[in-house]
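Undergrad: Return a 3D structure for these sequence lines:
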Amino acid sequence: MKLAEAIRQRIAAEAPGSFEVGRTLHSKTFDIGGGQRRVIQRMAPLHWRANLADGAQTWKEIDLTITQGTGGQYRVVSGFYAVLIDPAQVSYRYATNRASGVTVVTLAEVGGAAPDYRAMTVEVAGNRFTWRDVAPGVDMYLVCRPRYAELFKVVRDAGAARSFGWQVTEDNDDDPNRAARFVRETAGWDADRAPLEMTTAVSNQRVLAGGRRRFLYRETWTGRVSRVTDRATRQRGWFDDPAYPAIIDATVTENIGAGADDGSEVSGNWFGTFSAADIGRGYGEAPQHGGFRFQTVDVPQGATVSSATLTIRVIGISGTPTVSIYADDVDDAPAWGASSRPSSGFTKTTAKTNITSSIGTGLEAIDVTAIVQEIVDRAGWTNNNDIRFGAFNTKASGSYQVFTVEMYENVGTDEAQLDITYTGGGGGGTTATPGVLASTTATFAPTVTATNHKTATPGALAAATAAFAPTVTATANRVATAGVAALGLTGYAPTVTVSDHKTATPAVAALVASLFAPVPAATAHVTATPGATSLSTATFAPTVTASDHKTATPGVTSLSTATFAPAVTATDPKVATPGVASLTTSSFAPTVVGAGPGR
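TA: Prediction:
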């Protein structure tokens, strides 16, 4: 499953003729016409490259589709990692594309005994691989997410096994910046989403030849679940009547980011790894705030934001909660943590959006246009900085008045999403996009008419070419955009008509070129934009007609050249824009015709 496919289909339906012009780790940017661009921002990565910090590398789309390869094994090979899945046993091999080895995870015990796979079947659907009937009443499935692979155990009924042992082989390296690691933590919930009481143990750990390590990881569910017994005090107790099926999970993960980008603050403590969060006034009237952070937001400083929408999935509503959404009023929002949470280390924007229980449940779109505009108007904001939103309780009193919102960790998640439509600003992304491309024509004759005492000015006139090969180089996550490339022409005769005592001025007339190869080079977060390039001509004869005793004056006339190769280099945070390049001519004969007495 390509994560971006649904995005492309949606934008194509909403804005026919739109096209992609930029990518970051977490976003896609589309030109939707009319000078507007739309940024589709996700919490999970949409793209990958071998070295995240190397701006010269191209962002590639993440494809998590599980396919069957040679030897009957299944695999995912596009993204930050590769997974090889064994259909004959519950086992998979995980390899990161960074400098580390392979992590191998194999089921060694079910209910204290070796697994018996005689009744097992397998199923594949998109990014999910299922081992069905691993043991009586037990299924297991592997979900390939953008930044990690996650293994779930499904206990279907009270008679099923509740203890599982895993043999894990991995690099003997605990640095998350170098190695993918099996996470030695287990969590789970029953059908009513009550947390499971789990115990875990690691045994038989040893270092193998070559410096790798192997250990046995056991996880056991006691059969009990935790529920609140006193809403006023938030006291919880353990109960032995769970709702089936119950789900247990464990992961192999990398330090790429997503799961830690959302969460909630309860009584001054930040929780970033739950599958759902309560936002509002909780048990005992304790305020509970939510947080959503989006990385590498591809909107330029100073852009005009015409629309910005924060979409969340509301799982449930208790009471009549009220919440206000703000952004952190900083240039580049930091990660959430114990000292950086909504009530501490967060500066609220002036703009806010209030929400109440009337929004209902399901996917809810919240207008944050004014909030995002306030952030991108900051002098220190730039493309690919991060934005985070705080959802603050505003309910004055009452116990358990909350929105329950889905978080990234939830299975099949609809985590928070941010969509932004903007115009202006400095551009962004990493796509090099030539502008309007002049195409072949035998004749070209635009007509421009000015009325009501105004000036009609045609832009650069683009015409025929046999060959066209501009070279555009972009660095540092910026767009280098070649302007209108105006090329070869057999005949050229624009006509400009003016009335009411005014002047009609054609712009640069761009004509025949035998060779055309401008090379803009952009560095240091800059846009290099060559202007209209005007080239050689054998003949040039625009005709301008003026009436009512006035003169029609053609503007800058750009004429013949054998070769033309401007080079533009921009440094520092500036835009280098060559003007119109006007060249030599062997003959030039504009004709101006006046009606009435001349002056």
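Undergrad: So what pairs up with Cys144 in the strands?
TA: Assessed by DSSP bridges, Cys144 has beta-bridge partners Ala149.
Undergrad: And Val154, by the same measure?
TA: Beta bridges link Val154 to Asp139, Ile247, judged by DSSP bridges.
Undergrad: For it, give me the pLDDT.
TA: pLDDT recorded at Val154 is 96.
Undergrad: That one: how many residues sit nearby?
TA: 19 (other CB atoms under 10 Å). Just so you know, the C-beta spots here come from the backbone N, C-alpha and C atoms, and that holds for glycine as well.
Undergrad: same check, this time on Asn127
TA: The tally of other residues near Asn127 (other CB under 10 Å) stands at 21.
Undergrad: Also Gly69?
TA: By other CB under 10 Å, the residues close to Gly69 number 11.
Undergrad: How about Val405: which residues does it bridge to?
TA: Beta-bridge pairing for Val405 (DSSP bridges): Ala277, Val314.
Undergrad: Which stretches in the protein count as helices?
TA: For the chain, the helices defined by DSSP state H occupy 5-14, 369-376.
Undergrad: Check those for me: which has the lowest mean pLDDT.
TA: If you rank those by mean pLDDT, helix 5-14 sits at the bottom with a mean of 87.
Undergrad: and that helix, which residues are buried?
TA: Residues of helix 5-14 classed as buried by neighbour count (16 or more other CB atoms under 10 Å): 7-8, 11.
Undergrad: Reformat the helices of the chain as TSV; add distance to Ser27.
TA: TSV is the format used below for the helices of the chain (distance: least, CB to CB, whole Å):
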stretch	distance to Ser27
helix 5-14	10
helix 369-376	13
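Undergrad: wait, which of these is closest to Trp166?
TA: helix 5-14 (33.3 Å; CB to CB).
Undergrad: Identify all contacting residues around that closest one.
TA: The contact list for helix 5-14 (CB atoms under 8 Å, 6 or more residues apart in numbering) reads 18, 20, 28, 30, 32, 38, 40, 46.
Undergrad: Just among those residues, which is most surrounded?
TA: Of the contacts of helix 5-14, with other CB under 10 Å as the count, Lys28 tops at 25 neighbours.
Undergrad: which ones are touching that one?
TA: Residues near Lys28 by CB under 8 Å, 6+ apart: 4, 7, 20, 22, 39-40, 46.
Undergrad: ok so, going back, of all the contacts of helix 5-14, which two lie farthest apart?
TA: Spatially, the most separated pair among those is Ile32 and Leu46, at 17.8 Å (CB to CB).
Undergrad: number of nearby residues for the nearest residue to Pro321 once chain neighbours are set aside?
TA: Leaving aside its sequence neighbours, Pro321 sits nearest to Gly280 (CB to CB, 6 or more residues apart in numbering; 3.4 Å). Gly280 has 28 neighbours, counted by other CB under 10 Å.
Undergrad: wait, Gly280 sits on Lys395?
TA: Yes - using CB atoms under 8 Å, Gly280 is in contact with Lys395, at 5.8 Å.
Undergrad: okay, and the common contacts of the two?
TA: Shared contacts of Gly280 and Lys395, counting by CB under 8 Å, 6+ apart, come down to 321-322, 401.
Undergrad: Nearest to Gly223 among those residues?
TA: Looking across the shared contacts of Gly280 and Lys395 and measuring by CB to CB, the closest to Gly223 is Gln401, at 32.9 Å.
Undergrad: contacting residues for the residue nearest to that closest one when sequence neighbours are not counted?
TA: Nearest residue to Gln401, sequence neighbours excluded (CB to CB, 6+ apart): Gly319, at 3.7 Å. Contacts for Gly319 (CB under 8 Å, 6+ apart) come out as 280, 357, 398, 400-402.
Undergrad: from the residues you listed, which ones fall inside strands?
TA: Assigned to strands by DSSP state E, the following of the contacts of Gly319 qualify: 280, 401-402.
Undergrad: Tell me the one of those residues nearest Leu84?
TA: Ranked by distance to Leu84 (CB to CB), the ones in strands among the contacts of Gly319 are led by Val402 at 42.6 Å.
Undergrad: May I see the buried residues of the longest strand that the chain contains?
TA: With secondary structure taken from DSSP E, the chain has its longest strand at strand 212-230. Neighbour-count burial for strand 212-230, counted by 16+ other CB under 10 Å, picks out 212, 215, 217-221, 223-225.
Undergrad: same question, stretch 152-159
TA: 152-155.
Undergrad: returning to what we had before: adding pLDDT, write the buried residues of strand 212-230 out as JSON lines.
TA: Formatted as JSON lines, these follow (pLDDT from 0 to 100):
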{"residue": "Arg212", "pLDDT": "88"}
{"residue": "Phe215", "pLDDT": "95"}
{"residue": "Tyr217", "pLDDT": "94"}
{"residue": "Arg218", "pLDDT": "95"}
{"residue": "Glu219", "pLDDT": "94"}
{"residue": "Thr220", "pLDDT": "96"}
{"residue": "Trp221", "pLDDT": "96"}
{"residue": "Gly223", "pLDDT": "96"}
{"residue": "Arg224", "pLDDT": "96"}
{"residue": "Val225", "pLDDT": "94"}
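Undergrad: now those as CSV including distance to Ile247?
TA: As requested, the buried residues of strand 212-230 are exported to CSV (distance: CB to CB, whole Å):
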residue, distance to Ile247
Arg212, 30
Phe215, 24
Tyr217, 18
Arg218, 18
Glu219, 12
Thr220, 15
Trp221, 10
Gly223, 14
Arg224, 15
Val225, 12
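Undergrad: residue ranges with poor pLDDT in the stretch 51-200 of the chain?
TA: Under the criterion pLDDT under 70, the flagged ranges of the stretch 51-200 of the chain are 97-100, 176-180.
Undergrad: should've said the stretch 201-350 of the chain
TA: Low-confidence segments of the stretch 201-350 of the chain (pLDDT under 70): 231-234, 250-259, 273-275.
Undergrad: change it to 50
TA: 253-258 (pLDDT under 50).
Undergrad: quick one: the strands in it?
TA: In the stretch 201-350 of the chain, the segments counted as strands under DSSP state E, counting those that start in this stretch are 212-230, 235-239, 246-253, 262-266, 269-271, 276-281, 287-297, 304-318, 322-327.
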